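**Q** Coordinates for the following, if possible.
(chains A and B)
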Amino acid sequence: MTFRQVRRQGLSALMTGLCAVSVLIALIPLALILGFVASKGAGALTWAFFTETPRPVGETGGGMANAIAGSLIVCGLGAVFAVPIGVGSAVFIVESRFRWAGSVRFAADVLNGVPSIVIGLCAYVVAVVPFRQFSALAGGLALGVMMIPIITRTTEELLRLVPGSLREGALALGATRSRAILTVVLPAALPGIITGVVLALARIAGETAPLLFTALNTSFWSTDVRQPIASLTVQIYNYASSPYDDWHRQAWAGACVLIAIVLVCSVLARIATARLSHLRAAD
Amino acid sequence: MKPRGSDLVFRLGTGASALILVTMVSGIGVVLWTGSRLSIDKSGFGFWRSTSWNPVLGDFGAFPFIWGTLYSSILALCLAGPVALGIAIFLSELCPKRLRSALVFLTELLAAVPSIVYGLWGVFVLVPWVRDIQRSLPDWMRTLPLFSGPPVGVSLLAAALVLTVMVIPFSSAVAREVLRAVPMSQREAAYALGSTRWEATRSALHYGRAGIVGALMLGFGRALGETMAVTMVIGNTPKAAGSVFAPQYSMAAVIANEFVEASDELHASALVEIGLVLFAITLLVNVASRLLIWNMTRQRTGPRRAVRVLAGEAA
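**A** Prediction:
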């Protein structure tokens, strides 16, 4: 081999090595974060954490039962608001013959990039100021706005996966377009759409900024959607900024629960979507 | 053929949800604009040049926030860019097939960690490390303006580091998507000419350069708007400084911290104006990067892409 060949092969090997190192660089923080959350949080995960409400300042113990319930309620409200709009928009993008349907998709991408704090700010103006009341509904609205682009984009991709022959078959049997979409195309894509919604929920459950001045927080048990409501994330934030060790401990436990939710959802989605690949094979 | 009744209802329904989606983007702009009228009328453009922020005295100068946001995001982009690109190249071009799906899953996981968890980790783990790093710097370096100041830990550097970790998975996923869209023939042609692996990769990179710039910009847009993790580690001090170890502030952080407590209307309006500008900047960055990426990946669909979109990584 000439010197020139050696140099080129060497450079190739060097760059391959550097790229591999950059993967390691990204995996180190992941391992650190998961490690710290597991080691600090697991110890604080007691039964009381899931069943009790926060104790007053100074008393140790208590839990985040109200925050866990609150997170579920606010995320549920967000989904109720976002699923119809998200799925409807996706159907519009894929099935309508409107020339500018692509711009709807572009709008979804842009909405996806809007900072969450800005969405919280808007939800405050739209849903808190007129009623002079922080509420779970306002929080649900903010989270819903964040969910819409995620649901739209996943549903869109899944609708495109449904073989054209299914659509044509329904139309050939005399179905109207709406009937073909509602009874043939959407059901075919349904498992994937549900997976997409679950993933969007998992992502949205970790949001804090949109809730800071919409759902606010409370240390009491509350399920009234017209009242301020606690959430896991805001509670973690408040506890982390407090000077008390016991609260820090609980913040780590909360983080542990959040990470567990995200992990379980990601793995489930992986399993569910692995089966999607068969969709095309049957085509 | 005229559509029948049920068809029309269905079309109107889906059309309406699409309209709501489009209106939402512009609606956010309108809401922020009306909310910030008071502050815009009062301070005008001086709002962005004044460096004094003291709500109690009625001084509203937003320069420290825009400085902190841009400084931390640009620093994060510089740190995350090469790593994200390296990951994208490794996973799409160089990685052994058996390793790939596991590594992809792990990098995706990094993107799925909620920002509050990053913040928590930042406060209790990263900030003490930053403090130690600063203490261990040799004296001559600590006199440099870039590294000056007392070792407090909460600082612009801590914010930039957290942002780096958060941006890496995001940018690398989109860059990977772009590289995947580069036709195989580009690499094959390079190999046919006797290229090494890296040289073939370079030709693929060259082909996808616009999309890769877009991927990095998309990550930059994320960093600009990131709120919780930054709020928890940046130090929340409204003072623009050149030192990376100085506690500073960001636009998103000041909104998160002060909006609930803003008692008078001018203060609230000033915060909404900061939100408006943050919205405008991220909008510009996002639209530009989407256009760059769109050109590359537009004609692609299929089961594997659907899987990636579901996992939240495809652009």
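**Q** what about the chain, any weak spots by pLDDT?
**A** With no chain named, the answer covers chain A. Low-confidence segments of chain A (pLDDT under 70): A:274-283.
**Q** meant chain B actually
**A** B:1-4, B:297-315.
**Q** Strands of that one, residue ranges please.
**A** B:53-54, B:59-60 (DSSP state E).
**Q** hey, which of those strands is tucked in deepest?
**A** strand B:59-60 (a mean of 18; mean count of other C-beta atoms under 10 Å in any protein chain shown). C-beta coordinates here come from the backbone N, C-alpha and C atoms, glycine included.
**Q** Show me what that strand is packed against.
**A** If you count contacts as 3 or more C-beta pairs under 8 Å, 6 or more residues apart in numbering or on different chains; DSSP states H and E, strand B:59-60 packs onto helix B:265-297.
**Q** What are the buried residues along the helix it packs on?
**A** B:266-279, B:281-283, B:285-286, B:289-290, B:292-294, B:296-297 (16 or more other C-beta atoms under 10 Å in any protein chain shown).
**Q** Run the chain-centre distance for that helix.
**A** Relative to the centre of its chain, helix B:265-297 is centred 11 Å away, using C-alpha atoms, centre = their mean, to the nearest Å.
**Q** Next, see if it gets close to chain A.
**A** Yes - counting by C-beta under 8 Å from any C-beta of the partner chain, chain A is contacted by helix B:265-297 at B:Leu271, B:Val272, B:Gly275, B:Leu278, B:Phe279, B:Thr282, B:Leu283, B:Val285, B:Asn286, B:Val287, B:Arg290, B:Trp294.
**Q** Export the residues you listed as a markdown table, with columns for distance to A:Ala200.
**A** A markdown table is the format used below for these (distance: C-beta to C-beta, whole Å):
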| residue | distance to A:Ala200 |
| --- | --- |
| B:Leu271 | 29 |
| B:Val272 | 28 |
| B:Gly275 | 24 |
| B:Leu278 | 24 |
| B:Phe279 | 22 |
| B:Thr282 | 20 |
| B:Leu283 | 22 |
| B:Val285 | 23 |
| B:Asn286 | 19 |
| B:Val287 | 23 |
| B:Arg290 | 20 |
| B:Trp294 | 22 |
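**Q** of all those, which comes closest to chain A?
**A** Among the residues of helix B:265-297 next to chain A, B:Asn286 lies closest to chain A (C-beta to the nearest C-beta), at 3.7 Å.
**Q** what's the host helix or strand of A:Arg179 packed up against?
**A** Secondary structure assigned from DSSP states H and E places A:Arg179 in helix A:177-180. Here helix A:177-180 is seen to pack against helix A:164-172, helix B:5-35 when contacts are counted using 3+ C-beta pairs under 8 Å, 6+ apart.
**Q** Can you say which of those helices is packed in most?
**A** The stretch of the helices and strands packed on helix A:177-180 with the highest mean neighbour count (mean count of other C-beta under 10 Å) is helix B:5-35, at a mean of 17.
**Q** That helix versus helix B:265-297: what angle between them?
**A** Orientation check (axes from the mean of the first three to the mean of the last three C-alpha atoms, to 10 degrees): helix B:5-35 against helix B:265-297 gives 130 degrees.
**Q** So helix B:5-35, near chain A or not?
**A** Yes - residues of helix B:5-35 contacting chain A under C-beta under 8 Å from any C-beta: B:6-7, B:9-11, B:13-18, B:20-22, B:24-25, B:27-28, B:31-32, B:35.
**Q** any idea which residue sits dead centre in chain B?
**A** Centroid-nearest residue in chain B, with C-alpha atoms, centre = their mean: B:Arg222, separated by 1.7 Å.
**Q** Which parts of the stretch 101-250 of chain A are helices?
**A** A:101-113, A:116-123, A:136-161, A:164-172, A:177-180, A:186-205, A:232-240, A:245-274 (DSSP state H, counting those that start in this stretch).
**Q** and A:Val80, which of the ones you listed is closest to it?
**A** Of all those, it is helix A:136-161 that lies closest to A:Val80, at 7.5 Å by C-beta to C-beta.
**Q** Which elements pack onto that closest one?
**A** helix A:65-95, helix A:101-113, helix A:116-123, helix A:186-205, helix B:5-35, helix B:303-310.
**Q** Let's have those in a markdown table, adding distance to B:Phe147.
**A** As requested, these are exported to a markdown table (distance: least, C-beta to C-beta, whole Å):
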| stretch | distance to B:Phe147 |
| --- | --- |
| helix A:65-95 | 40 |
| helix A:101-113 | 33 |
| helix A:116-123 | 30 |
| helix A:186-205 | 37 |
| helix B:5-35 | 37 |
| helix B:303-310 | 41 |
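**Q** Please identify the most buried of the ones you listed.
**A** When you average the neighbours per residue for each of these (mean count of other C-beta under 10 Å), helix A:116-123 leads with a mean of 28.
**Q** Restricting the selection to alpha carbons, write it to PDB.
**A** Taking Å, rounded to 0.1, in the frame of the first residue of the first chain, the C-alpha atoms of helix A:116-123 are listed here in PDB:
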ATOM      1  CA  SER A 116     -44.200  25.200  25.900                       C
ATOM      2  CA  ILE A 117     -43.900  28.200  28.100                       C
ATOM      3  CA  VAL A 118     -45.400  30.400  25.300                       C
ATOM      4  CA  ILE A 119     -48.300  28.000  25.000                       C
ATOM      5  CA  GLY A 120     -48.800  28.200  28.800                       C
ATOM      6  CA  LEU A 121     -48.800  32.000  28.500                       C
ATOM      7  CA  CYS A 122     -51.500  31.900  25.800                       C
ATOM      8  CA  ALA A 123     -53.600  29.400  27.700                       C
END
